[in-house]
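Sequence isn't available, so here's the structure alone:
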Ligand SMILES: Cc1cc2nc3c(=O)[nH]c(=O)nc-3n(C[C@H](O)[C@H](O)[C@H](O)COP(=O)(O)OP(=O)(O)OC[C@H]3O[C@@H](n4cnc5c(N)ncnc54)[C@H](O)[C@@H]3O)c2cc1C
């Protein structure tokens, strides 16, 4: 069986773990054959959202998670909850057409609201707040792209605004960028606690969830799907694969449509009292327009959370501390002279693909898969999980907010590792060149 990733089976230690809610400690699937309306493979946000919504709608649900709930990207991400897919509205319309495109734009916009409603309705303690997201621009072209986005949303009366260089510097706590845009609809979350909370809500709604239950074999007989684990099997009308970057060979070839890339997250020990209040003083989370992302946020106790670089393939390796800390000090020059002591670091896999976008596939009668998060999925996996639940209850896949597509093989996948590694090096060079241009720009008066 194809096991592309070699993360240890125990729950990852992340900054979210300490306040991540109690682990669920669920029993593996029992021996013998079990039946349900729906069997879900994967206990991340996507699978748990599907289980919760389907069980609430009256379906009988069994969810199988190979490790523990939230073990995958859902328990390892940065916790930024964006009200959009990765693409601009005009790109989405060009890709899916006016009607379907608009439906996706509008549904994605409601993502943080949907997450907030679930958190409230199910009493999930996961530090959810509509903090707002700052997206900073490091080139003139990125600034123009940000203006275009802001114009689109402002025309629709949404609470987004451009921040000029001075205002961006004030809100970020460093004058590194040419400007930024602020999206007040964005939120932050402890995503591990959220995933576990969704799973608990699904259990309360009557779903049966099992940890340490890797689905190892699939078959279809008499119009039903049978999923086998080492201990038992489940027979169901509907089969949902929510395994994303961690997709194995359960559905032969499905993993050929994505390239799992390891991404690193780091938290510092609380920053010195005298500088802490100067970093993102309004409590927003931020990203920037560079190709190699730098998501940053500050926790209320003064710990800084930031994305870093490290070995993208193979076993987890140490983050590349030099470029990672160098970038943080570039954004926040007040941290240049002081030690940034590391509290915790970890990594997780993102499912990358050609189109940089999620896909929903109808694989066979009653069988769906969602994958291709490309690093954006806290809200989107919640939405798509709810769509899967609608399907479980009778809605056709063609009505989904993300139109289903046929699985597409990435032909160059056998060469993905050297190609993506080369691309990352190229991006680092481009970022470096643009950063030097930015330095020139910054030497001009604001
Ligand atoms: C480092 C990092 C930072 C990120 N930051 C953000 C962010 O700030 N904001 C944002 O919106 N998104 C972010 N993302 C993306 C986001 O985390 C994902 O889009 C989202 O968690 C995907 O959820 P999922 O349920 O589809 O997959 P996952 O959470 O990865 O769950 C898949 C699960 O399937 C299980 N599984 C696999 N095979 C089997 C099998 N055969 N049988 C049983 N179980 C199986 C795995 O064990 C795993 O638990 C980030 C991702 C990473 C890695």
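It's in. As the structure is a prediction and not an experimental result, all values here were calculated from the model.

Give me the phi and psi angles of the residue in the stretch 251-400 of the chain that the ligand sits nearest to.
For the stretch 251-400 of the chain and the ligand, the shortest gap (CB to the nearest ligand atom) falls at residue 377, measuring 1.8 Å. For glycine as for every other residue, the C-beta is placed from the backbone atoms N, C-alpha and C. When quoted as degrees, to the nearest 10, the phi and psi of residue 377 stand at phi -160, psi 0.

dump the residue contacts of it.
Contact analysis of residue 377 by CB atoms under 8 Å, 6 or more residues apart in numbering lists 45, 46, 73, 74, 77, 244, 358.

Mind doing that once more with 7 Å?
Residue 377 is in contact with 45, 73, counting by CB atoms under 7 Å, 6 or more residues apart in numbering.

State the pLDDT value of it.
Residue 377 carries a pLDDT value of 95.

Can you show me the strands along the stretch 251-400 of the chain?
In the stretch 251-400 of the chain, the strands defined using DSSP state E, counting those that start in this stretch lie at 259-268, 285-288, 296-298, 304-308, 342-352, 359-364, 367-371.

ok, now how distant is the residue of the stretch 251-400 of the chain closest to the ligand from residue 264?
17 Å (CB to CB, to the nearest Å).

Turn the strands of the stretch 251-400 of the chain into CSV, columns for distance to the ligand, mean pLDDT and mean neighbour count.
CSV is the format used below for those (distance: least, CB to the nearest ligand atom, whole Å; pLDDT from 0 to 100; neighbours: other CB atoms under 10 Å):
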stretch, distance to the ligand, mean pLDDT, mean neighbour count
strand 259-268, 4, 93, 22
strand 285-288, 8, 96, 24
strand 296-298, 9, 96, 24
strand 304-308, 7, 94, 24
strand 342-352, 3, 92, 21
strand 359-364, 11, 96, 18
strand 367-371, 6, 97, 25
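
tally of neighbours for residue 60?
18 (other CB atoms under 10 Å).

My guess is residue 161 contacts residue 182. True?
Yes. Look at residue 161 against residue 182 with CB atoms under 7 Å: they come within range, at 5.3 Å.

Tell me which of those two has more neighbours.
Between residue 161 and residue 182, counting by other CB under 10 Å, residue 182 is the more crowded of the two (22 against 14).

Return the list of strands paired to the host helix or strand of that one, each annotated with direction.
Element membership of residue 182 [criterion: DSSP states H and E] is strand 179-183. Using DSSP bridges, the strands paired with strand 179-183 are strand 133-137 (antiparallel), strand 160-163 (antiparallel).

can you list the residues that contact whichever helix or strand comes after it?
Next helix or strand after strand 179-183 toward the C-terminus (DSSP H and E): strand 187-188. With contact meaning CB under 7 Å, 6+ apart, strand 187-188 is reached by 79, 80, 81, 112, 115, 116, 128, 129, 130, 131, 285, 297.

Which residue, neighbours along the chain excluded, lies closest to residue 20?
In space, and not counting its chain neighbours, residue 20 is closest to residue 192: 3.8 Å by CB to CB, 6 or more residues apart in numbering.

The one helix or strand that neighbour maps to packs against which elements?
Counting by DSSP H and E, the element that carries residue 192 is helix 191-204. Contact analysis of helix 191-204 by 3 or more CB pairs under 7 Å, 6 or more residues apart in numbering; DSSP states H and E lists helix 45-56, strand 208-210 as its packing neighbours.

just those: most buried one?
Of these, the one with the most neighbours on average (mean count of other CB atoms under 10 Å) is helix 45-56, at a mean of 30.

Next, the angle from it to helix 191-204.
Angle of helix 45-56 versus helix 191-204, following axes from the mean of the first three to the mean of the last three CA atoms, to 10 degrees, is 20 degrees.

contacts for helix 45-56?
Helix 45-56 is contacted from outside by 38, 40, 61, 63, 69, 74, 195, 198-199, 201-202, 205-207, 209, 240, 242, 244, 370, 377-378, 381-382, 384-386, 388-389, 392-393, using CB under 7 Å, 6+ apart.

quick revisit: ok, and does the strand holding residue 182 reach over to the ligand?
No. Judged by CB under 6 Å from any ligand atom, strand 179-183 and the ligand are separated, with a smallest distance of 13.3 Å.

before we move on, what about stretch 269-284?
No. Stretch 269-284 does not reach the ligand (CB under 6 Å from any ligand atom); its nearest approach is 13.2 Å.

Would you mind naming what in the stretch 301-446 of the chain lies close to the ligand?
348, 349, 350, 373, 375, 376, 377, 378, 381.

Once you drop chain neighbours, what's closest to the third one?
Put plainly, it is residue 350. residue 375 (4.6 Å).

Burial check on that neighbour, number of neighbours?
By the criterion of other CB under 10 Å, residue 375 has 20 neighbours.
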